[in-house]
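A.B. asks: Got a sequence here, can you build the structure:
(one chain, ligands or ions: 1)
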Amino acid sequence: MQTQGIASAKFILCGEHSVVYGEPAISFPFKQARIITTLKEIEGSEHQLISDFYTGTLSQAPEKLTAVKALIPHILKRYQCHSVLEITIDSSVPVGRGLGSSAVVATSITRAMLAFLKRPVISSNVLPFVNFSEDIAHGNPSGVDAITVVNEQAVWFEKEKGLQSLSLNLTLPIVVADTGIPSETRASVAAVRDLYQKNNIEVSACISQLGEISREIGKEITTHGDLHTVGDLFNQAHQLLRKLSVSSPEIENLITCALDNQALGAKLTGGGRGGCVIVLCKDKQHAQKMATQLSAAGAIKTWISMIGE
Ligand code: PMV
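C.D. replies: Reported below is the predicted structural model:
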């Protein structure tokens, strides 16, 4: 028997980093990048993993697959299953670029495994396993990635309150552009924490301003629908994230290119220090032109996402 689990990436519109401190974040599923996990039972005594990074026994997988290595036996143990598996991971989600690759791989594996174990593949069954895996991958994640990827819907998220679904009142023409520089969310969250400990007053102020920006963006996209205001708020959020030390020269290069080409606003998305930027454009045509300009400026990949269309 062979089963499959599919999961799409996500991107954070606003609230990355401040969400770790209890402020709200808004995030969306990103269907253009996804992971498919295929499982089958095999003879032998060791699980086998087949992926772009590594092919071999699961127990010998490299450190960056630590969460995957822990998740598979954890699920099997939870359901008292002794099968030996071949796990094939087929991914179009770039790793370490703020698109939630660790939550996506955990979700696709969990879905494939629940199907294999003949359990209902529903969010309430999947989410605890994805959170288990995210704790290993990130240390102390806010949970926004897991909840967005598992629920596959626009999300308003607060750490203590969990998910509220969002219904958009306007279309956001967004270009997601990849700097090509991988970065570790765990390290950038730790860098903000260090800064917070050293300079509590200034960093607390940045975090509450980021929270206020998320609230204002939330209001704009669900009620008034003014793209220019959302763009201004993107720019303000990026300046604050820069202050929190999570930008990078490659991110700044793409932001400058976007603003030089009449973007309504641009900011980093996710952990930062590399990874992706999101650029708010006037319409689809502008987004298509913007994608070409960002590629010419060094983005290794661009995607156009018409959110809310
Ligand atoms: O870099 P990503 O896709 O894992 O996004 C992380 C978002 C942060 O707010 C920086 C961390 C978190 O746990 O919410």
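
A.B. asks: Contacts only, for the residue in the stretch 101-250 of the chain that the ligand sits nearest to.
C.D. replies: Going by CB to the nearest ligand atom, the ligand is nearest to Ser142 of the stretch 101-250 of the chain, at 3.3 Å. For glycine as for every other residue, the C-beta is placed from the backbone atoms N, C-alpha and C. Neighbouring residues of Ser142 by CB atoms under 8 Å, 6 or more residues apart in numbering: Val19, Val20, Ala25, Phe157, Lys159.

A.B. asks: OK, contacts around the residue lying closest to it once chain neighbours are set aside?
C.D. replies: In space, and not counting its chain neighbours, Ser142 is closest to Val19: 4.4 Å by CB to CB, 6 or more residues apart in numbering. Counting by CB under 8 Å, 6+ apart, Val19 touches Ile12, Ala25, Ser142, Val144, Phe157, Glu158, Lys159.

A.B. asks: Any chance of TSV for those, columns secondary structure?
C.D. replies: Formatted as TSV, these follow (DSSP: H, G, I helix; E, B strand; the rest coil):
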residue	secondary structure
Ile12	strand
Ala25	strand
Ser142	coil
Val144	helix
Phe157	strand
Glu158	strand
Lys159	coil
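
A.B. asks: The host helix or strand of Glu216: how far from the chain's middle?
C.D. replies: Here Glu216, judged by DSSP states H and E, is contained in helix 200-219. Mean C-alpha position of helix 200-219 versus that of the full chain (CA atoms, centre = their mean, to the nearest Å) differs by 20 Å.

A.B. asks: what sits up against that helix?
C.D. replies: For helix 200-219, contacts defined as CB under 8 Å, 6+ apart pick out 13-15, 17-18, 21, 23-26, 156, 166, 192, 195-196, 229-230, 233-234, 236-237, 240-241, 243-244.

A.B. asks: swap in stretch 66-73?
C.D. replies: By CB under 8 Å, 6+ apart, stretch 66-73 touches 47, 49, 58-59, 61, 85, 87, 89, 102, 105-106, 109-110, 113, 129, 132-134, 136-137.

A.B. asks: The same query, at a cut-off of 10 Å, please.
C.D. replies: With contact meaning CB atoms under 10 Å, 6 or more residues apart in numbering, stretch 66-73 is reached by 37, 39, 47, 49, 51, 53-54, 58-63, 65, 85, 87, 89, 102-103, 105-106, 109-110, 113, 129-130, 132-138.

A.B. asks: Separate out the buried members of these.
C.D. replies: By neighbour count, with 16 or more other CB atoms under 10 Å, the contacts of stretch 66-73 hold 37, 39, 47, 49, 51, 54, 58, 61, 65, 85, 87, 89, 102-103, 105-106, 109-110, 113, 129-130, 132-134, 136-138 as buried.

A.B. asks: among those residues, which are within reach of the ligand?
C.D. replies: Near the ligand, judged by CB under 6 Å from any ligand atom, the entries from the buried ones among the contacts of stretch 66-73 are His138.

A.B. asks: Which of the buried ones among the contacts of stretch 66-73 fall in helices?
C.D. replies: Mapping these onto helices (DSSP state H) picks out 102-103, 105-106, 109-110, 113, 129-130, 132-134, 136-138.

A.B. asks: Now the two most distant members of those.
C.D. replies: Distances among those were taken as CB to CB; the most separated pair is Met113 and His138, at 20.9 Å.
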